Every structure is written in C-alpha cells, then in structure tokens.
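Novice: what shape does this take:
(one chain, ligands or ions: 1)
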Amino acid sequence: EQPSAPKPVAAPMRPLPWGQLNFLQTTDTHGWHAGHLQESQYSADWGDYISFAERMHQKADEIGADLLLVDTGDRVEGNGLYDASKPKGRYDYDIFKEQDIDIICTGNHELYQADAAAREYTQTVPNFKGKYLASNLDYIKPDTGERIPMAQRFRKFTTKNQGIRVLAFGFLFDFTGNANNTIVQPVGKTIEEKWFQDAIREDVDLFIVIGHVTLHGPEYKAIFKAIRSQKWDTPIQFFGGHSHIRDFAKYDSKAYGFQSGRYMETVGWMSIDGIKSKGKKGDLKELELRSDMSFQRRYIDNNLFGYRYHTGLNESTFPTGHGQNVSASIHKARKALNLDYFYGCAPKDLWMSRAPYPSDNSLYSWLEKEVLADVATNPKRKDKPRMVIFNTGGMRFDIFKGTFTRDSTYIVSPFVSTLKYIKDVPFKAASQMLPLLNNGGPIFESTELQPWQLAPPEQLAIHYDIIAPQLSIQDSFISGAAQAPLLSSSPDLVPGYTTKDDAGDDGDDTLHAPISFYKIPNCIQATASMAEKSDPETVDLVFIDFIQPWVLTALQFTGQTYNNSHVENYRPEIFTDLLAGWIKEHWRGDCRS
Ligand SMILES: Nc1ccn([C@@H]2O[C@H](COP(=O)(O)O)[C@@H](O)[C@H]2O)c(=O)n1
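Specialist: From the prediction side, this is the model:
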C-alpha cells in the first residue's frame, strides 16, 4: 500500500470458495491503481493486488486448480495517477502492465479521446500481447487510414493445471461516443460474422466472454443466445463491467455473469467447479471433482487485511518482491506528479449518491449553489442572464471533509470537458432544457441519446432510493486486530457494500454496515445575472460540452433550430481547472495534521 494509505480494517469475513477454475477480476479501475488514500477499506494498491495474485497462483498450483486474471476495461480517466500527467497515463500504463492478466479488453473510456485510443493500441495492446481481445473493436491507423482489429478477436488456450480448453472473447457494449480513430461494431452485427460463427462451433470445455458490457443488457443476451444456438451444454462464464456495480447474473444452469464494481474498491473472485475437461486432468489434491457444476462468486474489498486473510499470510509473509516494487513505482509516480499538492480543505463530506439531492451534503447541491455560476463567467458576457447546465455523470466521486489535493481534483472531475454556450436563446426554450434532460421522453427515443447516460453509471442499475438504517459506525479502526467471527452480531461494522445479486446476499467477502443510495437527476442547473422580478427575453445557455448532443436535441423539441454551428466556447479552460481554481479560492485554511 502507499505510505499515506490508511491502515486496513479488521472486519468479519467470508472465505473464498475455490473450484477447478478460479478467476480474479478487475474492472473500471479508472486509474485508481494507488488504491483509496482516504478510505481504509479500499486502501491496497496495484502492487498489493500483484502480491495477492502471485500468492493465489501459488495456492492454485499447490492444490492443482487454475487461476486466471481478467480485466474488463475503463482503466483510464478518474484519478491523478492517470490524468495528471502529460501525456496522460505517462506512468500508469507501465504500472498497470505489471499485473499478469490473462484476458483483457477495452472500455469506453479508452476510446472517448483519440490520444487515449492511440495509446491503447500502441501501449496496452502490446503490453498484453496475445491476451488483449477486441471482438468488436477496430482501430484506424493514423498514418495510412487503414482499419484493423484493435487486437485479436478471440483467444483459445488450455489451462495450466486442469487442462481446461477455453475459448475467450473480449467485447465492448454498443458504444457510440468514441473518437474517430476507432470503430465499435454493434455486438448484434459482430456475432453474425464468420469468424465468430466458426469460433462458437469449436470443441472446447468452456467459453469465457469478457466485456465492458453490463450483465443484464442486450449485448450479453445476444451473445449467450448465439453460443447456445451451437453449444447447448458447454459452460459459459461472462465477465462484465461499465455500470460500476458488484453484480452476478444467471443466464442458465451452466452460464453465469460476474462483475466486480469500480475504482479498485473491489477485486472479484469467481470459481467454477464440475467442468468436464477433455484435456489433461490436474492433480486435485484438495478439490473434489464433482459431476454437477457450481459457479460461486465473492466481491473482495481491496485492502490488505482481506488479502492476508484470504492467503493465510501475514504482514511479513504476504508481499512479494514484485508487488513491493510496483507499490514503490506508484509512490514515485505520485511524487513526480505532485498529487499530494494541497489545494484546500473541504468543509464537509459532499456525496454523489449517499445524501439526498438537494441537501446540504449533496455534491450536486454544492455545485449548483456555490460553484457553477461562479466558474461559468465570460468577461465579455458577464452581465447577460445565463443558465448553466451540468450533467451529474461529469462528477465521478465524493469529496471527503478535510484535505483536498491535486489528486482529489482529478478524482472528482477527470474529464477534459469545457464549458460551451449558445447565445441569446429564448428564455422560454432554455427553461425547458432541465426538465427535458431529466425526464427524457419521446424526443430522445428515436436517437442514440438516452438521457440516463448523463447521470453517473452507478445510477443505471439502481432504480429507487435505498435508505440505510442508522447504525453505530466504527470510526477508529484497529490495525491488525484479530479476525472477528463471521456471524458475530457486532454493530461496529465499517460502512460499505452490502450486495444483493442473483445469487443472494452473501457475495461480499467483508461484512459491512449498509450505505444509503439516493437517486439523483441527470442534470443540474445554476442561473446567474437574472433579474429578480421578471424573466429575461433571452439567456446565454451555458453547458458542459459532453451534453451538447442532448441539449441540441432538446432545443429542437422546443421549436428552436440550433445546430453545432451555433455552439461557441464559453470558457477556454477545462472544467477540472475551473473547479481547482474555485477550491483554492474558497476552501482556504489548513486542515493538514
Ligand atoms: N467526458 C465525459 C465522459 C463521460 N461522462 C459521464 O460518464 C459516463 C460514462 O461512465 P462509465 O464509467 O460508465 O463509462 C457517461 O455516461 C457520462 O455520464 C461525462 O460526463 N463526461
């Protein structure tokens, strides 16, 4: 872990179920490879994860089982370790590649910006040569304009100890927001292609489908149906991503899906037993080969207490030299990027979805009331009445009371988005924007523009408020405390994930006190320079550039005929820098101890 990381948390644990074939999954890490430096339950770093995987590989070899590592994309955008360097990812790609991942694919965040997509092609694909799969993704070479597969379409291999013959695919959901140097082919079209149709006819013991794809969406349903149309009985293991949640899905008695959350909070564990392998049979010393199949999952909190518990090792025996070297490289990179540079003191916790909106502890109420109108000023138009619209998905993480650093800025606002505007929009039309963007409706139905895409991905999966009972919360964590028994009725649980999925409520490796989750709107709005008593004739409609297609569509619905040519720059800086400037000015003081 990083020197400044809070110490791991003692908590009641559930052990990991082992099978013939086991997996560790990461997804949507978004650059959080230094771990969470303000949350002890997620404070292990990528180096610790490397030690963990190496120790688990040793155990797999000892018992004759197999262990495969999977990553399902969105490794970039969301943390200073990736976003603070020029070019982005200057250190992060080299840190990430140290993990020995067996199957890896692309997420949408690797493709929003052309430079990120190019780095994916020139760095990550070769870093994971033979392991990186791009079943429905092509890259356009900048020098020749040639369209080529981003990486190989599928991979066939046999596992080391059990001799299980695997065929693996790597998909991306039907994403349309990519820069013009990649082509994402819709999954429905890809599965009709000859190479895919040939692949699903291969004689293998197991299909593995990894993807930056939600488990319950249409893409995995289509792939499942396609494989089952040829192989009615071959087991299929899906790994998903994108919606940032812990999730597990049953497609049939031999086909399951698993997804391991976001931001290095969770490392996923999946185990399969009862695979009928025609390859060499491993020497199962501890495992019993069963004829019926079982698919079991665990969501591992990313902290050292849990890693040591699951490996049966301790502070001195757990880390590997390789893992420690990677932790040291992360520390060096964080220093070079000056990520601990102090911007100010957050006066209170500000939550994305843990507090209701609007409320005093809502990140969005703060943004709306204090920040937006202040940073959205253009000296040439400062007296013009304006409405400023921001999508809630543009904010990526909570703000914790206390030190706010350069790193925090990228954690909260990683994107290179800027403020745009359309001048002199009739007030009547402009005032309909927020309700239209928040309530959606028929105007967006004929387009690819789903308004829910404007909200944070976590909001996708949960459709109602979850209000956690007020429990007594443990606030001083005892480092190295003895393991509490699983069913202890201790009220002193640390707040965290209490996952309910298709297999029940026993998936989390750590017992937590539940956290509230509130629904929030797709967009928020601030106004400035408005007369107090009457509505203006026209306003400047200011918005963050990500939402431009939605704003133009909504304006058309109000009878206006604006298009891209009417959109101008409102501020030259990226929003992240505007936010950092606001914090430096308004959150003065020193809370560093
Ligand atoms: N420039 C951007 C890029 C993305 N967003 C928001 O993020 C959502 C996608 O997040 P995932 O991690 O699930 O891929 C997207 O739908 C937007 O809400 C943004 O605001 N600005």
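Novice: and the residue in the stretch 201-350 of the chain positioned nearest to the ligand, which of the three is it?
Specialist: The minimum distance from the stretch 201-350 of the chain to the ligand, using Cβ to the nearest ligand atom, falls at H242 (5.0 Å). Every residue, glycine included, has its C-beta placed from N, CA and C. At H242, secondary structure determined by DSSP: H, G, I helix; E, B strand; the rest coil is coil.
Novice: which residues touch it?
Specialist: Taking Cβ atoms under 8 Å, 6 or more residues apart in numbering, we find H242 in contact with T27, D28, G73, D74, G107, N108, F173, H212, V213, T214, P457.
Novice: which residues of this structure lie near the ligand?
Specialist: 28, 74, 108-109, 112, 242, 391, 393-394, 415, 417, 453-454, 457, 546 (Cβ under 6 Å from any ligand atom).
Novice: for the ligand, give me its nearest residue in the stretch 301-450 of the chain.
Specialist: G393 (2.1 Å).
Novice: doesn't that residue lie inside a helix?
Specialist: Yes. Under three-state DSSP, G393 sits within a helix.
Novice: burial measure for it, as a count.
Specialist: 23 (other Cβ atoms under 10 Å).
Novice: isn't it up against Q450?
Specialist: No. In this structure G393 lies outside contact range of Q450 using Cβ atoms under 8 Å: 11.8 Å.
Novice: so for the residue in the stretch 401-550 of the chain that the ligand sits nearest to, what's the nearest residue that isn't a sequence neighbour?
Specialist: Nearest to the ligand in the stretch 401-550 of the chain, going by Cβ to the nearest ligand atom, is P457, at a distance of 3.2 Å. Once flanking residues are discounted, P457 sits nearest to H244: 4.6 Å by Cβ to Cβ, 6 or more residues apart in numbering.
Novice: contacting residues around the residue of the stretch 401-550 of the chain closest to the ligand?
Specialist: By Cβ under 8 Å, 6+ apart, the neighbours of P457 are D28, H242, S243, H244, R262, G393.
Novice: and the fourth one, how far is that from F224?
Specialist: It stands for H244. 22 Å (Cβ to Cβ, to the nearest Å).
Novice: what comes up buried for the helix or strand where D577 lies?
Specialist: Per DSSP states H and E, D577 falls inside helix 575-586. Burial within helix 575-586, assessed by neighbour count using 16 or more other Cβ atoms under 10 Å, is assigned to F575, T576, D577, L578, L579, A580, W582, I583.
Novice: could those go into TSV alongside distance to S43 and pLDDT?
Specialist: Putting the buried residues of helix 575-586 into TSV (distance: Cβ to Cβ, whole Å; pLDDT from 0 to 100) gives the following:
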residue	distance to S43	pLDDT
F575	28	98
T576	24	98
D577	28	98
L578	30	98
L579	25	98
A580	24	97
W582	28	98
I583	24	97
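Novice: per-domain residue ranges of the chain.
Specialist: 21-336, 342-461+518-586 (automatic domain parsing).
Novice: what helix or strand is the nearest residue to V412 once chain neighbours are set aside on?
Specialist: Counting by Cβ to Cβ, 6+ apart, F397 is the residue found nearest to V412 once chain neighbours are left out, at 5.5 Å. If you go by DSSP H and E, F397 is not part of any helix or strand.
Novice: quick check on the residue lying farthest from the centre of the chain: phi, psi?
Specialist: Here the centre of the chain is the reference, and by Cα atoms, centre = their mean the most remote residue is K533, at 44.9 Å. Backbone geometry at K533, expressed as degrees, to the nearest 10, gives phi -100, psi -30.
Novice: and for the one 10 residues further on?
Specialist: As for F543, its main-chain torsions (degrees, to the nearest 10) stand at phi -150, psi 160.
Novice: where do the helices of the stretch 201-350 of the chain begin and end?
Specialist: 218-230, 304-311, 321-336 (DSSP state H, counting those that start in this stretch).
Novice: may I see the buried residues of the helix or strand of the chain with the lowest mean pLDDT?
Specialist: Within the chain, confidence by mean pLDDT, DSSP states H and E is lowest for helix 442-445 among all helices and strands, at a mean of 83. Neighbour-count burial for helix 442-445, counted by 16+ other Cβ under 10 Å, picks out I443, F444.
Novice: what do you get for stretch 212-222?
Specialist: Quick answer for stretch 212-222 (16+ other Cβ under 10 Å): H212, V213, T214, L215, H216, G217, E219, Y220, A222.
Novice: which among the buried residues of helix 575-586 gets closest to the ligand?
Specialist: Closest to the ligand out of the buried residues of helix 575-586 is F575 (9.3 Å), distances taken as Cβ to the nearest ligand atom.
Novice: do you know how far Q58 is from E98?
Specialist: Taking Cβ to Cβ, one finds Q58 at 17 Å from E98.
Novice: and the two? which has more neighbours close in?
Specialist: Per other Cβ under 10 Å, whichever of Q58 and E98 has more neighbours is E98, with 19 against 12.
Novice: do I have it right that the more buried one meets V326?
Specialist: Yes. Judged on Cβ under 8 Å, E98 makes contact with V326 at a distance of 4.8 Å.
Novice: now the contacts of H242 in CSV, with pLDDT and distance to N314?
Specialist: Formatted as CSV, the contacts of H242 follow (pLDDT from 0 to 100; distance: Cβ to Cβ, whole Å):
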residue, pLDDT, distance to N314
T27, 98, 29
D28, 98, 31
G73, 98, 34
D74, 98, 33
G107, 98, 35
N108, 98, 40
F173, 98, 42
H212, 98, 36
V213, 98, 39
T214, 97, 38
P457, 94, 37
